[in-house]
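K.L.:
Quick one: sequence plus predicted model below, questions after.
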Amino acid sequence: MNQPHAVDLLTGAERRLGAGIEGLEETVLDRPDRLASIRAGELASIHSWELVTAVDGPGTRLTVFFSGCPLRCLYCHNPDTMVMRDGQDISLDELVKRIRRYRSVFRASGGGITLSGGEVLMQPAFAANLLHAAHEMGVHTAIDTSGFLGRHVSDQMLEDIDLVLLDVKSGDEDTYKTVTGRDLQPTIEFGDRLAEAGTEIWVRFVLVPGLTDDPANIEKVADIASRWSTVSRVEVLPFHQMGQDKWENLGLAYQLKDTPPPTNEQVEAAREVFRARGITTY
């Protein structure tokens with residue numbers, strides 16, 4: 001088996017954003033065949049993929065970034081994943097071959113695959129097929145999602161998901177709508193379903209000064225995380241400005257250009273709110 005190049009094995013601090021589809025063969029079909037393949041879950045619009053360590057789940061992971069997202073998060077650091085048509089068409093077989101290539105890496109590191117975005121659940125048929133194929137190979141599976149489209153997850157698909165990285169953007173409903181343009185309740189309902197099914201959850205929360213850092217809001221996020229019995233960890237992620245150039249290059253108005261990252265003290269204070277509830281927090 002071919003081993004990944006050393007440059008592919010990156011730490012969380014070094015991860016390559018928008019690495020593209022290099023190494024994957026794009027599929028070109030006429031419109032009717034393309035639409036039929038998408039409906040069948042044999043073709044998806046993919047933004048990029050990368051192989052990273054200690055990011056997006058345990059071990060070394062092949063992370064696939066799907067194009068398209070129903071949210072418009074003010075702090076999105078990959079706004080180029082928002083529109084589905086901006087991705088490139090990749091077949092199910094092409095990604096299954098890529099997963100098969102790295103199976104020994106996954107076994108050695110305790111890793112697997114993570115389907116991210118954008119929002120992976122905008123293309124649920126393809127995601128379900130890919131997750132099932134990975135599970136059939138004995139590969140650990142995870143999805144990184146806002147949960148807003150959790151209703152798209154079938155019972156069979158849920159059985160093929162080992163871990164959900166669930167992004168809880170805010171605990172306060174008004175703040176959630178300000179951050180994302182959408183409602184919080186679908187995320188809560190999806191988390192409830194995951195907990196009932198016994199699916200492991202890692203909660204992710206981005207701390208943004210002046211937006212999500214109100215103590216009352218952090219308490220509400222902690223309340224939400226506490227209601228899910230299968231939450232094994234919370235990650236409080238400090239806001240950064242890494243996506244600003246992308247917004248500007250796309251001609252999009254970036255509202256947080258004057259927002260500073262939180263201090264280490266602010267991040268640790270937020271983490272302590274979760275730890276006080278007995279949740280392992282990073």
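P.N.:
All right, it came through fine.

K.L.:
quick one: the closest residue to residue 169 other than its chain neighbours from residue 188, how far?
P.N.:
The spatially closest residue to residue 169, leaving aside those adjacent along the chain, is residue 179, at 4.9 Å (CB to CB, 6 or more residues apart in numbering). All C-beta spots, glycine's among them, are computed from the backbone N, C-alpha and C. For residue 179, the distance to residue 188 (CB to CB, to the nearest Å) stands at 15 Å.

K.L.:
Neighbour count: these two, which is higher?
P.N.:
residue 179 (22 against 18; other CB atoms under 10 Å).

K.L.:
where does that one land in three-state SS?
P.N.:
helix (DSSP: H, G, I helix; E, B strand; the rest coil).

K.L.:
quick one: it and residue 68, what's the gap?
P.N.:
For residue 179, the distance to residue 68 - CB to CB - is 19 Å.

K.L.:
With residue 237 instead?
P.N.:
22 Å.

K.L.:
So which of these two has more stuff around it?
P.N.:
residue 68 (21 against 16).

K.L.:
that's a strand at that one, yeah?
P.N.:
No - counting by three-state DSSP, residue 68 is not found in a strand; it is coil.

K.L.:
Quickly note the distance from the residue nearest to it when sequence neighbours are not counted to residue 50.
P.N.:
Nearest residue to residue 68 in three dimensions, chain neighbours excluded: residue 84, at 3.1 Å (CB to CB, 6+ apart). From residue 84 across to residue 50, the span is 20 Å (CB to CB).

K.L.:
Equivalent analysis for residue 164, please.
P.N.:
Distance from residue 164 to residue 50, by CB to CB: 20 Å.

K.L.:
Between these two, which is the more surrounded one?
P.N.:
More crowded of residue 164 and residue 50, by other CB under 10 Å: residue 164, with 28 against 21.

K.L.:
Show me what the helix or strand that contains residue 265 is packed up against.
P.N.:
Applying DSSP states H and E as the criterion places residue 265 in helix 264-275. Judged by 3 or more CB pairs under 8 Å, 6 or more residues apart in numbering; DSSP states H and E, the packing partners of helix 264-275 are strand 200-207, helix 215-227, strand 231-238.

K.L.:
export the longest one as PDB, just CAs?
P.N.:
Coordinates of each C-alpha in helix 215-227 appear next as PDB, following Å, rounded to 0.1, in the frame of the first residue of the first chain:
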ATOM      1  CA  PRO A 215     -21.400  34.400  29.800                       C
ATOM      2  CA  ALA A 216     -25.200  33.700  29.600                       C
ATOM      3  CA  ASN A 217     -24.700  32.400  26.100                       C
ATOM      4  CA  ILE A 218     -21.800  30.100  27.100                       C
ATOM      5  CA  GLU A 219     -23.900  28.800  30.000                       C
ATOM      6  CA  LYS A 220     -26.700  27.900  27.600                       C
ATOM      7  CA  VAL A 221     -24.300  26.100  25.300                       C
ATOM      8  CA  ALA A 222     -23.100  24.100  28.300                       C
ATOM      9  CA  ASP A 223     -26.700  23.400  29.200                       C
ATOM     10  CA  ILE A 224     -27.300  22.000  25.700                       C
ATOM     11  CA  ALA A 225     -24.200  19.900  25.800                       C
ATOM     12  CA  SER A 226     -25.200  18.600  29.300                       C
ATOM     13  CA  ARG A 227     -28.500  17.200  28.100                       C
END
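
K.L.:
and residue 255, backbone torsions?
P.N.:
With angles defined as degrees, to the nearest 10, residue 255 sits at phi -80, psi -10.

K.L.:
burial measure for it, as a count.
P.N.:
Neighbours of residue 255 (other CB under 10 Å): 12.
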